[in-house]
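Got a sequence here, can you build the structure:
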Amino acid sequence: MRRLLAHRDARLFLAGQSLSLLGDTALWLALGLWVKELTGSSSAAGLVFLCIVAPGLLSPLGGLLVDRMRRRTLLMVVNPLTALSVLPLLLVRDAGDVWIIYAVAFVYGTSYVVLAAGQSALLVTLVPGELLPSANAALQTVREALRLVAPVAGAGLYAVAGGGAVAILDATTFLLATGALVALRLREPRPEPSTGHWLHEIAAGARQIARVPELKRLVLGMAAGMLVMGFGETVIFEIPRALGQPDSFYGVLMAIGGVGAIAGALTASTVMRRRGETALTALGMTIFAIGCLLMMDSFAAVIIAGKILFNFGVPWMIIGMVTLIQRSTPGPLQGRTYAASEFALGLPQTLGIALGAGLVALLDYRLLLLTQAAVCGATGVYLLVRLSHRHQLG
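Next up is the predicted model:
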């Protein structure tokens, strides 16, 4: 970590991402609370997150764009445009304006498709390969640390000044992140020109994943997990009621989970150096499954412990998969390979969020938690068994 922080451009990049993530986390929470307050429906609130993740289905197009432009230039354009896109939230007044929240969430999710692939690809150019695990762990630590602070701050700002104030905060952080990108001294190589039909070019990321057996197993395993993990975006709104707390207690639960997420992010690089990317991701899925089982309980202390483990496992999953993608992918394919993984995960996650929003109105939320535990636990164990078998053969 010390070597990473000694890198000037890495420090600037981390600072810019930290500011942007602060606004992101506060806004996502505010949008869900806003819709819940206007409509009184947990399902309607869960649809906010569906709108945010649904554009992930367009991620292959975003990946192609990232690989056909200089990554920093692209991010310097998309960040200010995203800042502008959240300002229509200032027009929301009552339940009849909920469609504006959904529309902004969709545009926001669309920009994230480009930003996520661009940031991952830029990081590969920005830092030496041996620093990638530390860089990904540092970014995830910052992300989770902000999730510890931002949910409470976002809920508080929303309660005091309304959703419009949170939108202005988010727009400001995007502009500050743009300033950090401008200050980089990075000299990017010229992007490779297109050599074939655009559909063939888009599919290059998926072909890269298929060519690397370990990466293929990891992405498919994560996709299976995401199908049920999507339930969590709606299930979390049911837990405050089960504890006899107001809806705003959702922010407190997010903050509590952030403690586990920070611990997961801080320990991820150490485990990855010892066990590798696949083992890190598989263990993260198993820990996540245990957290789901604990959250089925009716006692607050057990639910809180489950939420900590629930969030602890997620950074291990993400850091392991992203690092393996970066490490096993040539530079000109970084954007499309990352985007292909986002598509592979985003499609089942989008379906899972939609199913969760509907099923939570029909079934006890604990049945959804049990389903999450069964699928993620079984997938994590499978990945570990396959990895052990490969090591025995090797």
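
nearest residue to the residue positioned nearest the centre of the chain other than its sequence neighbours?
When Cα atoms, centre = their mean is applied to the chain, the residue found nearest the centroid is residue 318 (8.0 Å). Nearest residue to residue 318, sequence neighbours excluded (Cβ to Cβ, 6 or more residues apart in numbering): residue 140, at 6.3 Å. Where C-beta positions appear, they are placed from N, C-alpha and C, glycine not excepted.

who's in contact with the one you found?
265, 268, 315, 318, 319 (Cβ atoms under 8 Å, 6 or more residues apart in numbering).

Show the pLDDT at the residue nearest to the centre of the chain.
pLDDT, residue 318: 93.

one step back: from the contacts of residue 140, which land in helices?
Residues from the contacts of residue 140 lying in helices, with DSSP state H as the criterion: 265, 268, 315, 318, 319.

And these, which is closest to residue 89?
Residue 89 has its nearest neighbour among the ones in helices among the contacts of residue 140 in residue 318, at 27.8 Å by Cβ to Cβ.

In this protein, where's the longest helix?
Determined from DSSP H, the single longest helix within the chain is helix 8-39.

and the residue nearest to residue 318, how far is that from residue 273?
The gap separating residue 140 from residue 273 is 15 Å, by Cβ to Cβ, to the nearest Å.

for residue 13, same thing?
Distance check for residue 13 against residue 273: by Cβ to Cβ, it reads 22 Å.

ditto for residue 183
Residue 183 is 31 Å from residue 273, by Cβ to Cβ.

swap in residue 303?
33 Å.

do the same with residue 115
Look at residue 115 and residue 273: by Cβ to Cβ, they are 28 Å apart.

Residue 336 now?
Going from residue 336 to residue 273 by Cβ to Cβ gives 28 Å.

And residue 80, by the same measure?
Separation of residue 80 from residue 273 (Cβ to Cβ) stands at 38 Å.

Work out for me the element residue 250 sits within.
For residue 250, the host element (DSSP states H and E) is helix 249-275.

how about that helix: buried residues?
Along helix 249-275, these residues count as buried under the neighbour rule (16 or more other Cβ atoms under 10 Å): 250-269, 271-272.

In contact with residue 275, which residues?
Contact analysis of residue 275 by Cβ under 8 Å, 6+ apart lists residue 283.

Tell me, what's the model's pLDDT at it?
Reading off the model, residue 275 has pLDDT 89.

go on, the one 3 residues further on?
pLDDT, residue 278: 93.

Kindly report the same for the one 3 residues further on.
Residue 281 carries a pLDDT score of 96 in this model.

How about the contacts made by it?
Listed by Cβ under 8 Å, 6+ apart, the contact set of residue 281 reads 218, 221, 222, 316, 317, 320, 321, 383.

Pull the residues that contact the helix or strand hosting the first one.
According to DSSP H and E, residue 218 maps onto helix 213-229. By Cβ under 8 Å, 6+ apart, the list of residues contacting helix 213-229 from outside reads 208-210, 277-278, 281-282, 285, 288, 317, 320-321, 324-325, 328, 341, 344-349, 351-352, 368, 371-372, 375-376, 379-380, 382-383, 386.

circling back to that earlier point, looking at the contacts of residue 281, point me to the pair that's furthest apart.
221 and 316 (12.9 Å).

which of these two has more neighbours?
Between residue 221 and residue 316, counted using other Cβ atoms under 10 Å, the more crowded position is residue 316 (30 against 23).

For residue 270, see how far away that one is.
In this view, residue 316 and residue 270 are 11 Å apart by Cβ to Cβ.

how about the helices in the stretch 101-250 of the chain?
For the stretch 101-250 of the chain, the helices defined by DSSP state H, counting those that start in this stretch cover 132-161, 163-182, 198-202, 204-211, 213-229, 232-235, 239-242, 249-275.

For these, state which one has the densest average packing.
Highest mean neighbour count of the helices of the stretch 101-250 of the chain: helix 232-235, a mean of 25 (counted as mean count of other Cβ atoms under 10 Å).

So what touches that one?
42-43, 45-46, 49-50, 310, 353, 356-357, 360, 365, 368-369, 372.

CA-only coordinates of it in PDB, if you can.
Extracted C-alpha coordinates of helix 232-235, given in PDB (Å, rounded to 0.1, in the frame of the first residue of the first chain):
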ATOM      1  CA  GLY A 232     -31.100  -7.900  -1.600                       C
ATOM      2  CA  GLU A 233     -31.800  -4.500  -3.100                       C
ATOM      3  CA  THR A 234     -35.500  -5.000  -2.100                       C
ATOM      4  CA  VAL A 235     -35.100  -7.300   0.900                       C
END
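
now it: mean pLDDT?
Per-residue scores along helix 232-235 average to 80.

Report the distance from it to the chain centre.
Counting by Cα atoms, centre = their mean, to the nearest Å, helix 232-235 is centred 15 Å from the centre of its parent chain.

ditto for stretch 222-236
12 Å.

That one: end-to-end distance?
Stretch 222-236 stretches 21 Å from its first residue to its last (Cα to Cα, to the nearest Å).

Renumber starting at 216 from here on
Will do, 216 is the new start, and the previous item becomes stretch 437-451.

Can you tell me the closest non-neighbouring residue to residue 503?
Of all residues beyond its chain neighbours, the one nearest residue 503 is residue 528 (3.4 Å), with distances taken as Cβ to Cβ, 6+ apart.

could you measure residue 603 against residue 326, distance?
From residue 603 to residue 326 the distance is 41 Å (Cβ to Cβ).

do residue 389 as well
The gap separating residue 389 from residue 326 is 9 Å, by Cβ to Cβ.
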